[in-house]
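Student: need a 3D model of the following:
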Amino acid sequence: MRATMPPKVTPARDWLATLKVYLEPASVRMLLLGFSAGLPLLLVLGTLSFWLREAGIDRTTIGYLSWVGLAYAFKWAWAPLVDRLPLPLLTRWLGRRRSWLLLSQLAIMVGLVAMSFNDPQVALTPVVWGALAVAFGSATQDIALDAFRIESADVDRQAALAASYQTGYRLAMIWAGAGVLWLAARASVVGVAGYQHGAWHTAYLVMAASMSLGVLTVLFSPEPLRRAQPPAKNALDWLRGALVEPFADFLRRYGWHAALILALIATYRISDVVMGIMANPFYVDMGYTKDEVAAVTKVFGVLMTLVGAFVGGALAMRFGVMRVLMLGAVLSAGSNLLFAALSTWGHDLTGLIFVISADNLSSGIASAAFIAYLSSLTNVNYSATQYALFSSMMLLLPKFLAGYSGRYVDSFGYQNFFTATACLGVPVLWLVWRASRIKMASSADQ
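Tutor: I've put the predicted structure just below:
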């Protein structure tokens with residue numbers, strides 16, 4: 001049995017063959033669909049908070065409204081429906097994965113249009129409902145898209161697909177971050193100072209139209225091949241196969257090690273997520289202008305994340321996912337210490353560029369490796385449900401803690417806050433080490 005292991009060693013792949021995978025059709029499709037996945041996130045979180053603050057909404061309310069993002073943390077609850085339930089007419093036309101992708105993208109577009117037509121300064125509630133629609137549509141798109149990606153290529157190419165996905169995702173974040181600010185500024189009436197709802201109306205309508213890129217990609221992409229599932233005898237049998245079996249399968253395959261794996265998933269990105277919610281307030285409090293923040297963090301920073309994603313994807317294919325997963329964990333926690341140092345420098349644009357470069361490069365490497373790791377844990381028969389469970393657990397604890405980050409900063413200051421978020425990443429190193437041993441044991445038994 002062990003004699004079969006050498007052919008699986010990835011370092012034998014030369015660098016040219018490794019990089020060519022990014023030009024394959026599956027990688028190009030994931031680039032475009034990654035853009036569709038990345039566009040809604042900031043529009044209901046970071047960019048929305050900027051809009052709300054400019055409209056005069058208090059910071060406490062804005063902080064609580066960031067919990068709209070918890071929709072992403074509970075997507076496992078309806079993932080079994082996305083995994084198994086066919087949509088009338090759409091599934092027959094497009095197939096299971098593409099039909100759910102198209103439906104979710106249309107929901108996002110409708111939610112963005114609804115947000116654009118409502119002024120939070122006049123009526124905040126309709127904007128919140130629109131944001132919820134976008135968040136739930138986006139979370140559903142993530143479920144279907146993760147399954148689409150996993151089923152579109154073999155395990156050996158998952159890291160490359162993850163890197164392509166991250167590239168599209170980050171490009172969309174540039175457009176939904178710096179792009180929205182640029183559009184709102186250009187749509188503002190010259191000579192009128194202060195908040196103008198018409199500017200944000202135009203910007204969000206353009207964002208809704210930008211989702212058409214994902215819609216066209218879905219319409220012109222092939223439906224991935226799926227393994228045949230035995231037909232359900234009755235409703236109870238269907239529920240067991242859709243709801244119970246995906247989780248039971250994971251527990252059967254990993255046994256008591258499942259708890260360790262789930263603990264790693266739940267905490268791997270905790271340093272980044274908890275720190276990130278206070279990033280924009282930090283820039284404002286340190287005196288950085290909107291142009292500086294847009295250029296350095298929304299454009300240059302995202303480009304550095306793309307570099308990190310490609311580096312992480314290539315390194316994972318060449319040296320293995322677990323080694324790069326450890327590297328990403330170390331870099332993610334360590335880069336938060338740079339923010340702690342930056343908080344003592346005052347308004348320092350050069351320092352900001354350096355810190356953003358290191359932080360986003362680290363984030364790209366960690367994200368590419370982590371997505372590849374999550375993909376390797378799934379059973380293709382239950383890819384949507386199992387991946388949704390994993391990616392939901394990744395966000396639940398960090399996003400919940402992040403909701404209280406403002407209160408921590410008010411009590412202890414930015415320097416202590418950033419140092420504390422770095423310390424949150426220390427237990428992750430032990431979990432990655434333990435998970436790598438599980439992986440080796442599993443390989444040795446094959």
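Student: who's in contact with residue 56?
Tutor: 121, 195 (Cβ atoms under 8 Å, 6 or more residues apart in numbering). (Each C-beta comes from the backbone N, C-alpha and C, glycine too.)
Student: next, it: secondary structure please.
Tutor: Under DSSP: H, G, I helix; E, B strand; the rest coil, the three-state class of residue 56 is coil.
Student: any idea how far residue 251 is from it?
Tutor: 50 Å (Cβ to Cβ, to the nearest Å).
Student: so for stretch 105-116, what's the average pLDDT?
Tutor: Throughout stretch 105-116, pLDDT has a mean value of 96.
Student: oh, I was asking about stretch 323-330
Tutor: For stretch 323-330, the mean confidence score works out to 90.
Student: put the alpha carbons of it into PDB.
Tutor: Presented in PDB, the C-alpha positions along stretch 323-330 are these (Å, rounded to 0.1, in the frame of the first residue of the first chain):
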ATOM      1  CA  ARG A 323       2.900  23.400   4.700                       C
ATOM      2  CA  VAL A 324       1.500  26.500   3.100                       C
ATOM      3  CA  LEU A 325      -1.400  26.400   5.500                       C
ATOM      4  CA  MET A 326       1.100  26.700   8.400                       C
ATOM      5  CA  LEU A 327       2.900  29.500   6.600                       C
ATOM      6  CA  GLY A 328      -0.300  31.400   6.100                       C
ATOM      7  CA  ALA A 329      -1.200  31.000   9.800                       C
ATOM      8  CA  VAL A 330       2.100  32.400  10.900                       C
END
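Student: what comes up buried for stretch 176-190?
Tutor: For stretch 176-190, burial by neighbour count (16 or more other Cβ atoms under 10 Å) applies to 176, 177, 178, 179, 180, 181, 182, 183, 184, 187, 188.
Student: helix or strand right after the lowest-mean-pLDDT helix or strand in the chain?
Tutor: One helix or strand of the chain scores below all others by mean pLDDT, DSSP states H and E: helix 15-20, with a mean of 64. Going down the chain from helix 15-20, the next helix or strand is helix 25-43, by DSSP states H and E.
Student: helices or strands up against that following helix?
Tutor: Counting contacts by 3 or more Cβ pairs under 8 Å, 6 or more residues apart in numbering; DSSP states H and E, helix 25-43 packs against helix 96-116, helix 124-151, helix 158-174, helix 197-210, helix 212-219.
Student: one more time with 6 Å
Tutor: Judged by 3 or more Cβ pairs under 6 Å, 6 or more residues apart in numbering; DSSP states H and E, the packing partners of helix 25-43 are helix 124-151, helix 158-174, helix 212-219.
Student: follow-up on the earlier one: Serialize the buried residues of stretch 176-190 to TSV and add fields for distance to residue 84, pLDDT and secondary structure.
Tutor: Formatted as TSV, those follow (distance: Cβ to Cβ, whole Å; pLDDT from 0 to 100; DSSP: H, G, I helix; E, B strand; the rest coil):
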residue	distance to residue 84	pLDDT	secondary structure
176	31	91	helix
177	35	85	helix
178	39	84	helix
179	37	88	helix
180	36	88	helix
181	41	81	helix
182	42	84	helix
183	40	88	helix
184	41	85	helix
187	44	86	helix
188	48	80	coil
